[in-house]
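Visitor: Sequence isn't available, so here's the structure alone:
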C-alpha cells in the first residue's frame, strides 16, 4: 500500500516499511513462512501502477529487499536441497552483493546524518558526478512488471506430504497364545468358530478380516508342528476340529 513515506507492507502479522520487515526476519522476530511474498509483490505492482512515473530508486530498493526475502524463504522451504557448484556459487555471489549493499546503506545513513552540519574538507579539483543507475529508454513500466511477475512465478512452493496410516495386524504369536488358551479352557474348538471370533484377543475381534484368518491358520500349523494341538477334518472342505494333545496345555509367549 502507498503512504506518505512510500510503499509499505500490510499483512495479517506485519504493517510497516519493507526494510523493517526484512530486519525483523533477519533478527528472527518474525518467521519468513508467516509472510506471503506473492501478496507483497502484488501490492507493490498495484502501488507502481498508481504512480505517474516509474520510481527508479524505490523499485531498485524493492528488488534488493525482495531478493533477500526470496533467498531466505527458499532456504527455509528447501533446507536440505542439494545444489550444484554453479548454483551454490550464484547464491554465494548474491549473498555477498546483498551484504555489501547492506553495509553501504549503513554507511550512507551515517554520512547523511553528518552531511551539511560541518564541512569535513574542501576540494578544488573538478567534481565529476558519479554514474547512477538509469534504465534504458526502451525499458518501460510493463517490462519491469513482467520481470517481477516472472520472479514470483518461479518462487518455490511448499508441498504437502501425504500421510500414511499404518494398520496394526495381530501377530502369529498372539494367535498361537489365544488358540492355546481356548483349547485349555474348552479342550476343543472348531477353526470356523476361532476364525469368526477374529482370533487374537488383543486384536479387537474382526471375523471378516482375511489377514487374521490366514494368520490364524498359520498359527494352527505351527502348534501342530510343535505337538501342542491336533487337528481333524472328516470331509473335504468340512470344518477343522482342533484339540489339545494333553490336559493342561501350557501357555506360550
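Guide: Perfect, I can see it now. Computed from a predicted structure; not experimentally measured. Numbering: from 1, shown residues only.
Visitor: Does the closest residue to residue 232 other than its chain neighbours have any beta-bridge partners, and if so which?
Guide: Nearest-residue entry for residue 232: residue 241, 4.5 Å, with adjacent residues in sequence omitted and distances by CB to CB, 6 or more residues apart in numbering. In this view, the C-beta of every residue, glycine as well, is placed from N, C-alpha and C. Here residue 241 sits in beta bridges with residue 190, residue 232, going by DSSP bridges.
Visitor: so which helix or strand takes in residue 9?
Guide: strand 6-10 (DSSP states H and E).
Visitor: before we move on, the earlier item: now for the residue nearest to residue 232, how many residues are close by?
Guide: Residues near residue 241, counting by other CB atoms under 10 Å, number 14.
Visitor: pLDDT wise, what is it at?
Guide: At residue 241, the pLDDT value in this model is 89.
Visitor: where do the helices sit along the protein?
Guide: With DSSP state H as the definition, the chain shows helices at residue ranges 18-26, 37-50, 56-77, 85-114, 141-153, 172-186, 191-196, 210-225.
Visitor: Nearest to residue 165, out of those?
Guide: Set against residue 165 and scored by CB to CB, these come closest in helix 210-225, at 15.5 Å.
Visitor: pretty sure residue 191 is in contact with residue 237, am I right?
Guide: No. At 11.9 Å, residue 191 does not count as touching residue 237 under the criterion of CB atoms under 8 Å.
Visitor: Of those two, which one has the most company?
Guide: residue 191 (19 against 5).
Visitor: got the contact list for that one?
Guide: 216-217, 220, 231, 239-242 (CB atoms under 8 Å, 6 or more residues apart in numbering).
Visitor: per the record, what domains does the protein have?
Guide: 2-81+134-153, 172-244 (automatic domain parsing).
Visitor: weakest of those by average pLDDT?
Guide: Taking the mean pLDDT of those, domain 2-81+134-153 comes last: a mean of 72.
Visitor: what's the burial count for the nearest residue to residue 38 once chain neighbours are set aside?
Guide: Nearest residue to residue 38 in three dimensions, chain neighbours excluded: residue 152, at 5.2 Å (CB to CB, 6+ apart). By the criterion of other CB under 10 Å, residue 152 has 17 neighbours.
Visitor: if we can go back for a sec, using JSON lines, lay out the domains of the chain together with distance to residue 113.
Guide: Below are those laid out as JSON lines (distance: least, CB to CB, whole Å):
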{"stretch": "domain 2-81+134-153", "distance to residue 113": "17"}
{"stretch": "domain 172-244", "distance to residue 113": "75"}
